[in-house]
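Novice: Next input, structure requested:
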Amino acid sequence: MRDAFPPGLERAWRASWPQLRSLEATVRLGGVGRAAQALHLAQPTVSTQLKELAASLGLVLFEPHGRGLAPTAVAELLAQTVRDMAARWQQFEEDAAALQGLRRGRLRIAAVTTTEYFLPDLLGPFARGYPGIRIDLAVENRDAVVARLERGDDELAVMMRPPAHLPLARWPFLDNPLVMIAPADHALASRRRLRLQDLTDEPLLVREKGSGTRAVVSEVLAERGVTWAPRMALGSNEAIKHAVRAGLGVAVLSRHTLAADPATEGLVVLPVTGFPVRRQWFLVWRQDRALSLPARTLLDDLRQRLGVRVRPG
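Specialist: Predicted structure coming up:
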């Protein structure tokens, strides 16, 4: 008589999906508390699931380390297995969507924070045209988006500085001019032309570490031989704009973050030589993984609406 389950599958039923999900999150995020927060569960619930998982499998998953716990090698292996299972399930959903002709499906996109000023407008027509496609959009800073690409959490990502260490197809689809902003009533606002060196006595406000915009600011200062230490780091573009408007300093931001007339926000774009700094927004995807039908359809939709070709490399 044939086995009721494929080899290994019956043993896999010892573990529940909530237990496996808690294990993967705990290993990836580095702690039970962080996993509980990410999964919107109580910390004791996650702890119980991990204990039950270890008991059902007969494995030691965590060991004491300092004041906390550290995953064992087998826990790391199991966490990667869970990610592989999730990727395979996602592939099933994508294949099922293809069979249904895009009536249903799921599309995972990661994007850096500045894209929130224009990305919804780009995704809107696609979402309206394919109402059965669920779009999961994760908005993070650049470092977090790179980590998501490394793990394969998303099919597509939108960013200014794609990482060089991943096998990515890159589509530069939109200009991203970076400008120097100051309060609208700033003493230098009336000047017709400024040098970067004219501003170094001003407090410089920057985004948090891991931000692509902050990295470009550092690159520009280094290229021009200008020493200008940041006075304050803030965690969002809106926080930067509020701080600049309040007179706490000047900053470099994407022009996309500003109103058509910055004066309506109490801001001014300073006429600094070498600015705007010209960068581009890229839509990227892993070349070593096949794109789903929803992802390919979105790329075709954007290509037609933006009038540019999607090209790898």
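Novice: in the stretch 101-250 of the chain, which spans are strands?
Specialist: Secondary structure of the stretch 101-250 of the chain (DSSP state E, counting those that start in this stretch): strands at 105-112, 133-140, 156-159, 168-183, 204-207, 230-234, 250-254.
Novice: Quick one: the helices in the stretch 151-300 of the chain, in order.
Specialist: 212-223, 237-245, 293-306 (DSSP state H, counting those that start in this stretch).
Novice: Give me the angle between the longest one and strand 133-140.
Specialist: Read it as helix 293-306. Relative orientation of helix 293-306 versus strand 133-140 (axes from the mean of the first three to the mean of the last three C-alpha atoms, to 10 degrees): 80 degrees.
Novice: which parts of stretch 50-66 are buried?
Specialist: By neighbour count on 16 or more other C-beta atoms under 10 Å, the buried set for stretch 50-66 is 50, 52-54, 57, 61-62. C-beta here means a position set from N, CA and C on the backbone, and glycine is covered the same way.
Novice: and it, how far from the chain's centre?
Specialist: 31 Å (C-alpha atoms, centre = their mean, to the nearest Å).
Novice: swap in stretch 121-132?
Specialist: The answer for stretch 121-132 is 20 Å, by C-alpha atoms, centre = their mean.
Novice: May I see the buried residues of that stretch?
Specialist: 122-123, 126, 130.
Novice: Also stretch 161-179?
Specialist: 161-163, 168-174, 176, 178-179.
Novice: Report the two of those residues separated the most.
Specialist: Spanning the widest gap among those are 169 and 179, at 29.2 Å by C-beta to C-beta.
Novice: List the contacts of residue 27.
Specialist: The contact partners of residue 27, taken as C-beta atoms under 8 Å, 6 or more residues apart in numbering, are 71, 75-76, 79.
Novice: Hmm, I typed the wrong one, I wanted residue 134.
Specialist: Residue 134 sits next to 105-107 when contact means C-beta under 8 Å, 6+ apart.
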